[in-house]
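J.: heads up, no residue letters with this:
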């Protein structure tokens, strides 16, 4: 997802995490995007040294295309709006408690993006498709 992410989360009973985040990418000279997301995670046996968990991330965002390359960060900002997209990313975690406050997490997840398909008129302008959003 987008660089510059802001994240807020709440851990309930050391086994359930709820988080919200938002991000924006303004650095590319031709195409930028923003997104906002929610994440739910369940941690099984969090007191064990090695344990596992599962998560689900849901996000919504939109791309923005510029007719001419930008000269500055917010130059030509309102030029063209692009396609909205939706992301669903389920995942599995293997976690190891290194100390009481530090946990090492190895995560395997799969992101599925929809909305930025070839049939969307804005995609023909931005050329940002589902596959490109998935790679970021």
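T.: Okay, I see it. The shown structure was predicted, so the numbers you read here are calculated from the model rather than taken from an experiment. Numbers count the residues shown, from 1 in each chain.

J.: Next one: residue 59 from residue 96, what distance?
T.: To residue 96, residue 59 is 27 Å away according to Cβ to Cβ, to the nearest Å. (Each C-beta comes from the backbone N, C-alpha and C, glycine too.)

J.: Show me which of these two is the more surrounded one.
T.: When neighbours are counted by other Cβ atoms under 10 Å, residue 59 and residue 96 differ, and residue 59 comes out ahead with 22 against 13.

J.: Nearest spatial neighbour of the more buried one, chain-adjacent residues omitted?
T.: Excluding the flanking residues, the one nearest residue 59 by Cβ to Cβ, 6 or more residues apart in numbering is residue 37, at 3.5 Å.

J.: Just the mean pLDDT for the host helix or strand of that neighbour, thanks.
T.: Counting by DSSP states H and E, the element that carries residue 37 is strand 31-44. Looking at strand 31-44 alone, the average pLDDT works out to 86.

J.: cool, stretch 112-125 as well?
T.: With pLDDT averaged residue by residue, stretch 112-125 scores 62.

J.: on that earlier part again, return the list of helices and strands in contact with the strand holding residue 37.
T.: Packing partners of strand 31-44 (3 or more Cβ pairs under 8 Å, 6 or more residues apart in numbering; DSSP states H and E): strand 16-25, strand 50-65, strand 80-97.
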